[in-house]
Each structure stands twice: as C-alpha cells, then as structure tokens.
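**Q** Here is my input; please provide its structure:
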Amino acid sequence: MKLESPAFQSILTSELNTLVNIFNKYDHELRIAGGAVRDLVLDMIPHDIDFATTATPTQMKEMFNIEEIRMINDSGEKHGTITARINDKENFEVTTLRIDVVTDGRRAEVEFTKDWQLDANRRDLTINAMFLGFDGTIYDYFNGVEDLKNRRVKFVGDPVSRIQEDYLRILRYFRFYGRIAEKANDHEESTLNAIKENASGMKIISGERIWMELKKILCGNHSGDILPTMLQLDLGPYMGLPDKADVEEYKTVCSLTEGLEPQPITRLVALLANDEQVGRFMLRLDPQPMTRLVALLANDEQVHLLNRRIKLSRDELQLGSFIVNHRKDSFDNDPMRYCQFLFTDSPGEKDKIN
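**A** The predicted model follows:
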C-alpha cells in the first residue's frame, strides 16, 4: 500500500527532503515511524513526526558533522536518538532501530538492529508499529492498516508479553481505544483478560506517568465507558482511586460534558444539579480531566489520597477539593453567580444572594 494523500504531501518539506538526501547519500535507511504513520493512514496531519533508521547514533553523528548539520539534545543519544536541526528551521528526531534485551515493566535495556520487523515487534500496538517510506510505501508487519480500517486496537503479538514489558501500556491501550474505536465497549476478551491479570504491575509505574495518560483518557472519546471498564479490571487502586468509586456520578458528569465546545466555565459542570440547569444556562463545555475524575470521589480525603498517588498540580488539587466540598450546595436560582462568589473567595458575598 502507498500513500499519496495531501496530508502525506504536506509533511514533505524542503528541510525533510534535505534530511532524506543525507541518509541516502551515506546508504542508511530512514523511515517515518509510529504514531505519525498512524495519523497519515487516517488522512490526518501529524503534530509530531518521529523517524527510525538503520544508522547507529555514532554513524549519524559522523554523517551530520561532515554535512555541517547542527545536533541538539545530547541526552537522547543513550537511547539511540539524535536530533538534527536542518537549515536552523526544523528539528528531526531520529532513532536507531532497537530490540529489547531486558525489560522490567518500566524500562528496557536495548541493543541496535537493522531489522525493521524486530523493531516493530517491540512496539505496543499494531496501529503504532508501522513505518512509512518517503515514496509513500507503508511497511506494516502486524496488520496495523487493517486494524485502523476496522477501528480496532490490538497489542502487537501476545498482549501479556507487551504489557509486562511496560505496564504503562495498559493505559496506552485505553487511551488509543478512545481515539480509534467507534464503539464504546468493543474490546477483545483476550485483551481485557491480559490487562486484568497484570493490573498489579501498575504499582511500579510512577504517578506522573499514570496521570499523563489518564488525563487523555478522561477527555477522550467514550470516557464515560472506558474508565468504568478500567475499574472493573481492578486498575483503580493502582491509580489512587477508592475501592467503591462513584461510577454512576462519573457517568452522569461525562454525559453532561460529552462532545461539547470549550468555554472557560468548565468547572461548573460538576456543581450543577441536573440536566435542566445545564439546559437553562446553555453550557457548552470542554471538561478538564479533574472535573470528571473527581466525580468518582466521595470526599476531600479521597482527593488527597489520589494526589498522593498521581501527583496532581496545585491547581488540580484545589479544583478537586473545591468540587467535592461544594457540589452538594444549594445554588438557588443563580448558580453562576453563586459559584462566582465561591471562586473569588469573597467572605459574606454568598449570604447576599440567599
């Protein structure tokens, strides 16, 4: 299969062509890798483009030095990544093909390879394991194109093996399910079983990494169904959530904020009493992650236990506490004004409207 779409043509800048020509000149293969290929197959212009190559970091540095190409971000070299800046205009992050030698559920020790399929085999999902040549040829070793066509999210090979290499892949699975799948609960049973069997592995993943993925799940498609599924698979305790999370309240908050346009009054959704109030004020909302997540929590203590696990920002922690402490308030006939006084913390103002 070859891509000839406008989206693909749009990324072929003069700077990228310069990069490609350099690799060709020194007889090293270079391809677009991972998520950018997925987006281009979906006819979307990718926000970030990663590149993979058969050249080692040492070979890349020698080549770029000869061609007087500036290199930045030396910290990536130990992972096989060199970042080249072309024409002082565009950065290109290029990583040598790798295989995992040792994994511990969080990170891997790798060695370099020239085998594209072996590199694809170490990636998480079939839709993220494709490469793209600059003539438009798609290199698809695990049926990623077909899975995209069918809006199906699958691990590469054995799901247990992929998960045990990095337990964060459990959350990545659900994040990409929200992005790709058309149906809310169309998971493969074998995938869910693998996740449940390995849920405890999440305890070794840092809270920061968990929260980074969880935020995207909370504000993605099907979030009202995905998170309850995650809780049924016993993932909640490893994300700092209580055993008896309020799933029904969470689903209600999600339903009130699904598919709506952004406004700066996001926080109010968890404070409104019912659909009638939402309709009356014609709120069109783009929820913050905490607005939805805190619906699972019963009190301020649970908010702080959550924070202890996933390391919320100060603003996120304050928002969570604000919601659990005020969502049961009586808003009378003017919830907008009531909340305005609460947000501005004006003593006595609340009494003026009672």
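**Q** mind checking how far the closest residue to A194 other than its chain neighbours is from E301?
**A** Once flanking residues are discounted, A194 sits nearest to P159: 3.9 Å by C-beta to C-beta, 6 or more residues apart in numbering. From N, CA and C alone the C-beta is placed, and that goes for glycine too. Relative to E301, P159 is positioned 36 Å away (C-beta to C-beta, to the nearest Å).
**Q** neighbour-wise, which of the two wins?
**A** P159 (24 against 11; other C-beta atoms under 10 Å).
**Q** any idea how far P335 is from the more buried one?
**A** Separation of P159 from P335 (C-beta to C-beta): 46 Å.
**Q** got it, and E248?
**A** 22 Å.
**Q** which one of the two has more residues nearby?
**A** P335 (18 against 11).
**Q** separation between the more buried one and H326?
**A** 11 Å.
**Q** again with L19
**A** 54 Å.
**Q** Q302: neighbour count?
**A** Neighbour tally, Q302, other C-beta under 10 Å: 19.
**Q** Start the count at 17 instead of 1 going forward.
**A** With the count now opening at 17, the last piece we talked about shows up as Q318.
**Q** Spell out which residues sit in contact with it, please.
**A** By C-beta atoms under 8 Å, 6 or more residues apart in numbering, the contact set of Q318 is P258, V340.
**Q** Likewise for the one 3 residues further on?
**A** Residues counted as contacts of L321 (C-beta under 8 Å, 6+ apart) are G256, P258.
**Q** same thing with T34?
**A** By C-beta under 8 Å, 6+ apart, the contact list for T34 reads I102, N103.
**Q** Centre of the chain to whatever helix or strand it lives in, how far?
**A** Using DSSP states H and E, T34 sits in helix 30-41. Put simply, helix 30-41 sits 30 Å off its chain's centre (C-alpha atoms, centre = their mean, to the nearest Å).
**Q** Show me which residues of that helix are buried.
**A** Within helix 30-41, the residues that count as buried by 16 or more other C-beta atoms under 10 Å are E31, L32, T34, L35, V36, I38, F39.
**Q** isn't G236 right next to L187, touching?
**A** No. Contact between G236 and L187 fails when scored by C-beta atoms under 8 Å: they sit 11.5 Å apart.
**Q** Of these two, which one has the most company?
**A** Between G236 and L187, counted using other C-beta under 10 Å, L187 has the larger neighbour count: 23 against 15.
**Q** do you know how far the more buried one is from A197?
**A** The value you get for L187 to A197, if C-beta to C-beta is used, is 15 Å.
**Q** Same check on S26?
**A** 27 Å.
**Q** Quickly list the domain ranges of the protein.
**A** Per automatic domain parsing, the structural domains of the chain span 17-164, 167-255, 257-370.
**Q** of all these, which has the lowest average per-residue confidence?
**A** Mean pLDDT values for these show the minimum at domain 257-370, a mean of 75.
**Q** quick one on the thing from earlier: with neighbour numbers in mind, choose between S26 and A197.
**A** A197 (18 against 11).
**Q** check contacts around the more buried one.
**A** A197 sits next to R167, R168, V169, N237, H238 when contact means C-beta under 8 Å, 6+ apart.
**Q** Repeat the analysis, applying 7 Å as the threshold.
**A** R167, V169, H238 (C-beta atoms under 7 Å, 6 or more residues apart in numbering).
**Q** And the closest residue to the second one other than its chain neighbours, which helix or strand is it part of?
**A** Residue nearest to V169 in three dimensions, not counting chain neighbours: Y193, with 4.7 Å by C-beta to C-beta, 6+ apart. With elements delineated by DSSP H and E, Y193 resides in helix 185-196, which encompasses its position.
**Q** And that helix, what does it pack against?
**A** With contacts taken as 3 or more C-beta pairs under 7 Å, 6 or more residues apart in numbering; DSSP states H and E, helix 185-196 sits against helix 175-181, helix 223-234, helix 239-248.
**Q** Please enumerate residues in contact with it?
**A** 140-141, 143, 167, 169, 178-179, 211, 218, 226, 229-230, 232-233, 236-239, 242, 246, 251.
**Q** Okay, buried residues for stretch 227-234 please.
**A** Counting neighbours by 16+ other C-beta under 10 Å, stretch 227-234 gives W227, E229, L230, K231, K232, I233, L234 as buried.
**Q** H342 - how many residues pack around it?
**A** For H342, the neighbour count with other C-beta under 10 Å is 15.
**Q** That one contacts F357, correct?
**A** No. With contact defined as C-beta atoms under 7 Å, H342 does not reach F357; the gap is 11.1 Å.
**Q** Can you tell me how far the closest residue in space to C235 that isn't next to it in sequence is from R101?
**A** Nearest residue to C235, sequence neighbours excluded (C-beta to C-beta, 6+ apart): P305, at 5.8 Å. Look at P305 and R101: by C-beta to C-beta, they are 34 Å apart.
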